[in-house]
Structure formats: C-alpha cells, structure tokens
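Colleague: Predicted coordinates and the sequence they were generated for:
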Amino acid sequence: MSSMVSTVLADAKSGLVVFFVALPLCLGIALASGAPLVSGLLAGIVGGLVVGMFSGSHTSVSGPAAGLSAVVAAQILSLGSFSAFLMAVILAGMIQIALGLSKGGFISEFFPSSVIKGLLAAIGVIIIFKQIPHLVGHDADPEGDLSFSQPDLETTFSELFRMFGDYQLGAAVVGLLSVALLVLWDNWKALKTSLFPAPVAVVLFGIGGGLWFEHLGDPWVIKPSHLVQVPVAGDLAELFGLLARPDFSQWMNPAVYTAGMTLAIVSSLETLLNLKAVDRIDRQQRTSPPNQELFAQGIGNVTCGLIGGLPITSVIIRSSVNVNAGGQTKLAAIIHGILLLVSVPLIPTWLNTIPLSCLAAILLMAGIKLASPALIKQIWSEGRYQFIPFAATVTAIVFTDLLIGIVIGLIVAIGFILHSNMRRPVHRLVEKHLGGDVVHIELANQVSFLNRAALAKALNDVPRNGRVLLDARSTDYIDPDVLDLVRDFKDQTGPAHGVEVSLVGFRSEYHVEDQIHYVDYSTRELQQAITPQQVLQILKDGHERARTGRRLTRDFSRQVQATAAAQYPLAVALSCIDSRTPVELIFDLGMGDIFSIRVAGNITSREVLASAEYGCAVAGAKLMIVIGHTRCGAVSAAVKLLGSHLRVADATGCQHLDAIVSEIQRAATGVAGSRALELSPSDLGTIADAVARENVLRVVKAVRQQSWTLDTLVRERRIAIVGAMYDIPTGDIEFVVEDGLGKMGIQENP
C-alpha cells in the first residue's frame, strides 16, 4: 500500500511539472504552426487524457509536436482552411489505428540505436540553444519552435548573438536565479530528498519575482511577451466559440486524403522514434509496446480532429521532463492532461503570470541531462560505426529540424550498415581438419545482392585444389543473385580450379543440397601415415581452438555413418571422471578420433592397461595421453586421508574407493610426506594440485613398467606416451612429454 501511495505522489509531482512545461509549448507550437492557440491546448489535453489512458508506455507524454509544426503549417495552407485540415487529422488518426491493429509498430525494431541516441542528444542541444534566449527575456520566437531556420530569417545561432543586445532585465534575473535554484536543489541533499518538486518551486519563485518586479517598475517589469499567454474567455460560451470544427464536406477532397496520409506517416515515425528514445532514458528500462502506442495515438488524433486540436505524437521534451521529475507510470501524463483541462478555462489569468524565463530554466536543465558528455563519451568508445551516424543525426537535427534531421540520420546509419555488410558480409577462417585445411566461410544473417561481390572475392581466394565450406546455418535470407553465385561456384568454377565445395545449412527452398566433401574424422589412411608427434600437435591445435572458441565445423550424422563399420583412433586418453574434463571437448575432437578411458584420479589398473593396450596395439592409436587436472576431488580425498587411521569407506561412504585413494597416495607421499594433513582449504588445494601433477608423472612411468606391450611400442617408436595437466579455472593445458618424443620436459600449450 505504501508503495502505491509513493508512486501516486511521484506521478502527481511529475504531472504538475510536465503541466507547467507543456503549457507554453502547446501555445508556442500552435503559433509556429499557424493554427489557433486553443488548438495547441486541446492537443495537450487530449495527449494527456486520451492517449495517456490508451497508451502502454509508462513514461511517454504526448501532445502537439514541434517536429510536426512545419508539416502542419504546409497542410493548412494547402487545404485552404483549418477546418479542412481537421478532416485530415481525423483521417490520419484512423490510419494510425489501423497500423496499430495490424502490428505496424514492428518497424521500431529497425531503428538503429545510434539514431535513437542521436535524437536524444540533439533534442538536448536544441533545448539548450533555444531556451537560452527565453531565459534572458529575448523571446523573438515562440516556445516549441525547434527549426534551425526561423520565420523571421534568423537562425538558432544568430538568435544567441542577438540576445546580447536585446534582453529583458527582470526576465533575465528570474531565469538565471531559477537555474541557480535548480542546481542548488539538485545538489543539496535536504532539498533533493524533500517531497516538494524543484520545478514547482521555480514556477512559484518566478510568479513571485514577476509580481515584485511590477512594484519596482521599469526596467524590472516583465512584459506580457515574456509571460505565458493563455487565451482568456469571458464565459463558457465564448470559450466554446474558440473551438474549431472539422469541415465534413471536405471528405470528397483528394487533397485531404493526401494530407491525412502524410500526417499519419510523419507522426507515426516520430512517435515510434520518440518511444524508443523515452524507453532508453526510463530509469526502470521498461519497454513500451509500439503497436499499442500507434493505436493510442490514432484514438488521440481522431479526437483532436473532432474537437479542433492539432495532431499529436509522443513528445521527447515532455517525456524527458517527466522522467527527470520522477514520473513512475502513465498516471503522470494523465494528471498533466487533467491540469491543462481544468486550469486553462478556470485560472487563465493566474497562468498568465508565469514568466517564460523560469520555464526556460526547467527545460534548460532537462536539455543538459539529455545531451550529457557521458552519453557522447560512451558513443565515442563504441567506435566510428556508432559515433558517425550518432554525430550525423545530432548535427542534422540541430541544423535543420527534427524530421529532416531524423531522416538524414537514418540514411547515414543505413549507409554505414550497408557499407559494413559490403565490406564483411562473410566470416572467413581456415580450419585444420584431419583430412587437411578447409576454408570455412560463414554467411551473414542477411545476404543481399550488395554482398555478392565480397562473397565472390572470398570464393575466388580459395587456393587451387583446396577445400571450402559454405556455412548458411545462421542465415535467414539469401538473395537469388547470391544463390546463383553459390550454384555456379559449386558446379563450375570450383571444380574447374580443383576446389571441393561443401555446403551446410542451406534451406530446402534454396534448392541447394547440403554436402560435405572433406574428411572430418580419422581414417585408416590417416592413421597409418601420421606420427606420434603429429598426433600430439593435433591435440595441441584442437585445444587451442577449444580454448579460443573456434571449434571445427563437423557433420555429426555423417561421422556416425562413416565410423559405423570401423574406427581408426589417433590416440588413447586416460583421464579422470570429473565432469569438467571431457576429452573430446577439451581437444575439439570428433567421433572415432580417440579412445577415452575415464577413471577417478586417472590411475592405472589391469583393466585400464588392457584398454590402453587394445587401443594402441590392436586399434592402431599412435599416442597415449594421461590427463590429470587441478581441483581433483579424488586427489583431495587422498591427501586429506594421508597417514590417517580411518578407513576410506568410513571417511567417504564409498565402499570401493580405497583402491583409487591408495594409488594416488603413492604420488602424495613424495609431495606431502606420509603424515595426516590438517590444512586450510587454500593450502589443501595447492598441495592437491601438486599431487595431481606428480600422479600424472607416476602413471606415465607405471604404464611402461606394468605393460610390456606398451613399453615395446614406445621403444619401437610406434607410439608415444604423454602426460598432461588441465587447469580447471583457466582451461589451459600443460603437456609432460615422455619416451617416444624425446627428453622429458614441460610444454605449455600455446
């Protein structure tokens, strides 16, 4: 219950702050659009109440959009009257409803993040530049005008220079002190944690300062042009008389349908972009449903058209103020709409005492948070493919207007995406299979005709008489032109150069059959031709692939069929049963490549030796590898029980573990002595790892001592026996080389 109350209070405070900010913006956007002032207020009310109720976004606030002002002005002029324009607004809303119901919001998933971040930063920069003149009482342009080029032939930057010779003293004092108050509020813990919102304090301060300056007289008096200017009606009849009505007789006018389609496309695009941007700054990182938002905006625009309001979208300025003010749910947007609905007809005179300069201070601080240096630093660190589209979006929006800037940003971002795909639509690497090198070409998720040239070059770079694998397992779409290239290389170009072409992952509708022509398992010919040294190198190379995540591409079903009749293993592995040391995975091996003997503590026994003898003497393996590992449970148990009078079965509850522990303790006595050990866990781990290493060396020697079969094979240089230690935390391997490969020593796998 207390959580609900705190959420409602937070939304109420945020709704009040958004109301103060939205009020002059609604009026200014209507003025910039060439529409009646009351139409902007109606749009703000509908954006708060109607869209707020139907929207699925928690933080987005809708209303008349500055980005639409140029489009609105052009359409009003084209249609000849505001009443005819309202018919276009109704039509635009109906189109948006249809888009929402038909799941048209999916397009929002294709907006590059660099453009979304650029939109946020650009809005922040524009707010800063546009609000500084209002902050000091230089109000040549209406609130909400975000265009670089202005109707008075000035620009955003020229206005900044002009304000030094044209400012209003009282408004400037209120504005600058409001900024100071906001900074103080944000940095003084007692104020920051108070229930009273800083923007409301700034508005009250502005009203009080304005009233005080009236008593001081010139030059302190804040003139009406620097105050909020809500239309004041004498009574309700006069107020309703200000409302425009749609001209339904225009439903046969083709220009209305063109205007409606234009408004629907532009407002939907701006809404979806703003929605993604608002979700990015949401403190709880919630995701808004785009289809529901389009439906809500459509309901709102139909309502605006019927009652005489401007078209609406999700608006980043109001939304960012909402987030900064602590808004938690869409109740904040609804409350701001209620305040607009109630206050505009009831207390317009009081609203008109609010200085624009104190509201400019609130917006200025919101702009600084949007265009923060931390955001720019983050984008810079992500590389040029993110930073250049981001910078292009910011620059374009600042120097044109919101819609043109977004389009330019999208074009630049798409250009970089296409350039990236053209440069590297495939991932090429050389795999060292048992049957020889294979050029592995992984196709991208989307392979369009733009990628054809890069793929052709990758195929042409395959050496003569080589092998190539075209891997389409991660691909969702392949252009027909690219498929023609693949078929041509497989059937004609490749064979002409002696290249064996293998295919995997191609869908049935592509009419390209998967085929594997290279050998990815051990064969009789390979086993007979290879040396123990080469087998060891194969294991080292395989481990390096496994360690770095570059495993070979293998056809499991083909390996099953190929090894069904016979097996020709290259090595015999004696390893521990530990679940973290699967030999085939550690060395990136396939079926039929290795005999695996697993026993706790990787110890020898008659059964183990019999298995190893069969693998080397009968099956033809050229290498035997004994693999120990760190953090071995069997070794740790043996060390703990060293010199103890306890029976292993009593200490561990395992009836037959004594045979394994006693074998390991033969190696342990050489490291830790014969006394029972009382060690800390860290010391026990260090000694156990040392014992595990010594155990590997002991087992390697014991194999030759206890098996004349394996000893003879080593002496005849037909096999070699190798010891290895696998490090559980890092995945690294050290190889201990024994007879058959030269003098014993430690070799770390590179």
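Modeller: Nice, thanks for sending it over.
Colleague: per-residue confidence for Ala600?
Modeller: For Ala600, the pLDDT comes out at 93.
Colleague: Then Pro64?
Modeller: Listed pLDDT for Pro64 reads 91.
Colleague: And the one 4 residues further on, by the same measure?
Modeller: Confidence per residue is given as pLDDT, and for Leu68 that number is 81.
Colleague: If we ignore the residues flanking it in sequence, what's nearest Arg550?
Modeller: Once flanking residues are discounted, Arg550 sits nearest to Leu429: 6.9 Å by C-beta to C-beta, 6 or more residues apart in numbering. Using the backbone N, CA and C atoms, a C-beta is placed for each residue, glycine as well.
Colleague: What residues does that neighbour make contact with?
Modeller: Leu429 is in contact with Val439, His440, Glu442, Arg550, counting by C-beta atoms under 8 Å, 6 or more residues apart in numbering.
Colleague: can you pull the contacts of Gly93?
Modeller: Ala264, Gln297, Gly298, Ile299, Gly300, Asn301, Val302, Thr303, Cys304, Gly305.
Colleague: Then the first one would be within a helix, right?
Modeller: This points to Ala264. Yes: under DSSP: H, G, I helix; E, B strand; the rest coil, Ala264 falls within a helix.
Colleague: returning to what we had before: out of the contacts of Leu429, grab the one that's most surrounded.
Modeller: His440 (22 neighbours; other C-beta atoms under 10 Å).
Colleague: before we move on, which element is that residue in?
Modeller: strand 436-443 (DSSP states H and E).
Colleague: now the strands for the stretch 401-550 of the chain?
Modeller: For the stretch 401-550 of the chain, strands defined by DSSP state E, counting those that start in this stretch occupy the ranges 426-433, 436-443, 446-447, 467-471, 477-478, 500-504.
Colleague: Now Gly327. Its backbone dihedrals?
Modeller: Dihedral angles phi and psi of Gly327 (degrees, to the nearest 10) take the values phi -60, psi 130.
Colleague: residues in contact with it?
Modeller: Counting by C-beta under 8 Å, 6+ apart, Gly327 has contacts Ala10, Asp11, Ser14, Gly15, Val18, His58, Thr59, Ala333.
Colleague: Was I right to think Thr155 contacts Ser147?
Modeller: No: Thr155 is beyond contact range of Ser147, at 9.1 Å (criterion: C-beta atoms under 8 Å).
Colleague: of those two, who's got more company?
Modeller: Ser147 (23 against 15).
Colleague: For the stretch 201-350 of the chain, give me the ranges with low pLDDT.
Modeller: 233-241 (pLDDT under 70).
Colleague: ok, which stretches of it are strands?
Modeller: According to DSSP E, counting those that start in this stretch, the strands that the stretch 201-350 of the chain contains are 312-315.
Colleague: One more: the stretch 651-750 of the chain?
Modeller: Using DSSP E, counting those that start in this stretch, strands in the stretch 651-750 of the chain cover 720-726, 733-737, 745-748.
Colleague: Give me the average confidence score over the last one.
Modeller: Regarding strand 745-748, the rounded mean pLDDT is 46.
Colleague: Show me the helices in the stretch 201-350 of the chain, by range?
Modeller: Under the criterion DSSP state H, counting those that start in this stretch, the stretch 201-350 of the chain carries helices at the ranges 236-241, 254-281, 290-307, 316-324, 331-346, 348-351.
Colleague: Could you look over the ones you listed and pick the most buried one?
Modeller: helix 316-324 (a mean of 27; mean count of other C-beta atoms under 10 Å).
Colleague: the inter-axis angle of that helix versus helix 254-281?
Modeller: Interaxial angle, helix 316-324 versus helix 254-281 (axes from the mean of the first three to the mean of the last three C-alpha atoms, to 10 degrees): 30 degrees.
Colleague: what packs against helix 316-324?
Modeller: helix 2-33, strand 61-64, helix 113-135, helix 254-281, helix 331-346, helix 356-370 (3 or more C-beta pairs under 8 Å, 6 or more residues apart in numbering; DSSP states H and E).
Colleague: Apply 10 Å and report the result again.
Modeller: Here helix 316-324 touches helix 2-33, helix 37-54, strand 61-64, helix 113-135, helix 198-216, helix 254-281, helix 331-346, helix 356-370, going by 3 or more C-beta pairs under 10 Å, 6 or more residues apart in numbering; DSSP states H and E.
Colleague: From the centroid of this structure, which residue is nearest?
Modeller: Using C-alpha atoms, centre = their mean, the residue of the chain that lies closest to the mean C-alpha position is Ser113, 8.2 Å off.
Colleague: now that residue, nearest residue through space, not along the chain?
Modeller: Nearest one to Ser113, counting by C-beta to C-beta, 6+ apart, is Gln386 at 7.5 Å.
Colleague: Pull out the buried positions in whichever strand or helix holds that neighbour.
Modeller: Using DSSP H and E, Gln386 sits in helix 384-399. Applying a neighbour-count criterion of 16 or more other C-beta atoms under 10 Å, one finds 386-399 buried in helix 384-399.
Colleague: Considering these, which is situated nearest to Gln706?
Modeller: Gln386 (62.9 Å; C-beta to C-beta).
Colleague: Now for Leu294: which residues touch it?
Modeller: Neighbour list for Leu294: 95-105, 107-108, 264, 267-268, 271-272, 275 [criterion: C-beta atoms under 10 Å, 6 or more residues apart in numbering].
Colleague: What is the burial count for Asn445?
Modeller: 10.
Colleague: Got the phi and psi for it?
Modeller: phi -60, psi -40.
Colleague: Make sure it is actually in contact with Gly505.
Modeller: No: contact between Asn445 and Gly505 fails when scored by C-beta atoms under 10 Å: they sit 11.9 Å apart.
Colleague: Next, show the common contact partners of the two.
Modeller: Ser474, Thr475.
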